[in-house]
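1. Everything below, folded, please.
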Amino acid sequence: MSQLNSGEHTSDTSKKQETQSQESLKNPNITLRFMASPNDVLLAGSQGISGGRVLEWIDKAAYACAVQWSGQYCVTVYVGHIHFMRPIESGHLVEVRSRLTMTGTSSMHIVNEVWSADPRDGIFTRACDCLVIFVAKDADTQRPTPVPPFVPGTDEQFRVMEAAKTRIDLRKAIEAEMNVQTYDGPSDAPRMVNRFLAKPTDINWGGNVHGGTAMEWIDEAATACTMEWSGEQTIAVYAGGIRFYKPIHIGDLIEVDARMMRTDSRSMQMSVHVRSGEARGGREKLSTAIHATAAYLAMDRDWNPLPARQFIPHTEEDKRLAEHATTLRNLRSQYSPLPLVHAPNHQHID
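-> Just a heads-up that it's a prediction; the model follows:
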């Protein structure tokens with residue numbers, strides 16, 4: 001009996017040491033490097049890669065970072081604070097750098113930066129950064145499952161974690177403001193609605209539509225709406241938040257509804273809903289899978305920003321949503337979250 005207990009104790013100790021060893025090998029960072037191709041450009045004559053394609057790259061890199069850390073299948077629940085600083089040209093080298101900055105019970109907050117360089121000079125400059133939050137799911141139950149806690153080990157890791165914490169209350173305030181809005185009343189707002197079926201090529205490793213693919217749908221609809229309204233080519237410059245509410249499956253009927261909420265001197269602020277459901281249920285049975293807000297600029301032929309064609313809301317709902325867009329902007333100023341990234345604007349290829 002004593003020998004059996006001793007053996008069990010040795011086995012348990014060995015397993016514990018093995019688990020600790022595996023945990024110590026987990027890497028909170030990942031970098032994907034590749035070349036932007038002509039297929040990544042949304043529009044002929046465009047100066048660079050579409051914002052939707054850049055968000056797709058970010059989602060894939062962040063997913064790899066989350067799975068690498070958690071050892072579980074993960075789903076995107078939030079993408080926010082997206083700053084598009086400059087276009088990325090086809091044929092340029094691209095680096096998507098993702099780093100884990102904070103964990104909850106089952107969530108992982110991942111900061112992402114997209115850098116690119118002309119391969120002829122090798123000087124990388126930052127083009128976009130954002131925060132992505134993933135939740136780990138149990139493979140059998142599809143319910144949230146705990147992830148290993150992340151403990152900052154450097155001053156920079158601690159700084160970024162503290163910066164991420166300053167955004168939690170802001171997200172909650174924006175979520176509460178968005179949840180009380182309605183979008184089904186009479187409206188004269190510029191609008192673009194795309195409908196199609198989710199294809200097998202759209203799915204991720206868990207069998208659902210990839211979050212990055214859905215973000216590309218959002219950008220395509222919002223770009224088309226703002227181009228139709230302005231009569232010019234438009235680009236995304238900021239997205240305040242993309243919230244994921246439910247998975248989208250192969251064969252689902254998809255409705256991407258892009259609607260202008262407000263214009264200021266230069267920008268056009270958009271609200272985009274992605275609704276999904278079984279095709280045989282019809283459009284009336286679709287429910288919201290994703291909701292996003294974003295800002296776009298019209299550009300001249302030399303890619304300089306143009307004054308925005310002004311949208312004057314007339315219906316009660318359009319007036320309320322214009323005020324809602326202003327409230328969202330004011331909330332971001334009110335909470336003043338700390339910056340997530342502090343980095344030089346260029347680096348040479350190693």
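
2. how far does the one helix or strand residue 157 maps to sit from the chain's center?
-> For residue 157, the host element (DSSP states H and E) is helix 155-165. Relative to its chain's centre, helix 155-165 lies at 20 Å (Cα atoms, centre = their mean, to the nearest Å).

3. average pLDDT across it?
-> Averaged over helix 155-165, pLDDT sits at 93.

4. what does stretch 241-251 give?
-> 93.

5. Ok, stretch 178-197 next?
-> Here the average pLDDT along stretch 178-197 is 95.

6. same thing with stretch 60-71?
-> Mean per-residue pLDDT for stretch 60-71: 96.

7. how about the CA coordinates for it, as CSV?
-> What follows is stretch 60-71, C-alpha atoms only, in CSV (Å, rounded to 0.1, in the frame of the first residue of the first chain):
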residue,chain,number,x,y,z
LYS,A,60,-6.2,35.8,-37.6
ALA,A,61,-3.0,36.8,-35.8
ALA,A,62,-4.9,37.6,-32.6
TYR,A,63,-6.6,34.2,-32.8
ALA,A,64,-3.3,32.4,-33.2
CYS,A,65,-2.0,34.3,-30.1
ALA,A,66,-5.1,33.4,-28.1
VAL,A,67,-5.0,29.7,-29.0
GLN,A,68,-1.3,29.6,-28.4
TRP,A,69,-1.8,30.9,-24.9
SER,A,70,-5.0,29.1,-23.9
GLY,A,71,-4.6,25.8,-25.7
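
8. which parts of it are buried?
-> Of all the residues in stretch 60-71, those buried under the rule 16 or more other Cβ atoms under 10 Å are 60, 61, 62, 63, 64, 65, 66, 67, 68, 69, 70. In short, each C-beta sits where N, CA and C put it, glycine included.

9. which ones among the residues you listed are found in helices?
-> 60, 61, 62, 63, 64, 65, 66, 67, 68, 69, 70 (DSSP state H).

10. Closest one of the buried residues of stretch 60-71 to residue 321?
-> Using Cβ to Cβ, residue 62 is the member of the buried residues of stretch 60-71 that lies nearest residue 321, at 29.8 Å.

11. For that closest one, give me its contacts.
-> 76, 98, 110, 112, 132, 134 (Cβ atoms under 8 Å, 6 or more residues apart in numbering).

12. again, but for residue 49
-> Contacts of residue 49 by Cβ under 8 Å, 6+ apart are 36, 40, 41, 42, 87, 88, 89, 90.

13. Next: residue 285.
-> By Cβ under 8 Å, 6+ apart, the residues touching residue 285 are 277, 278.
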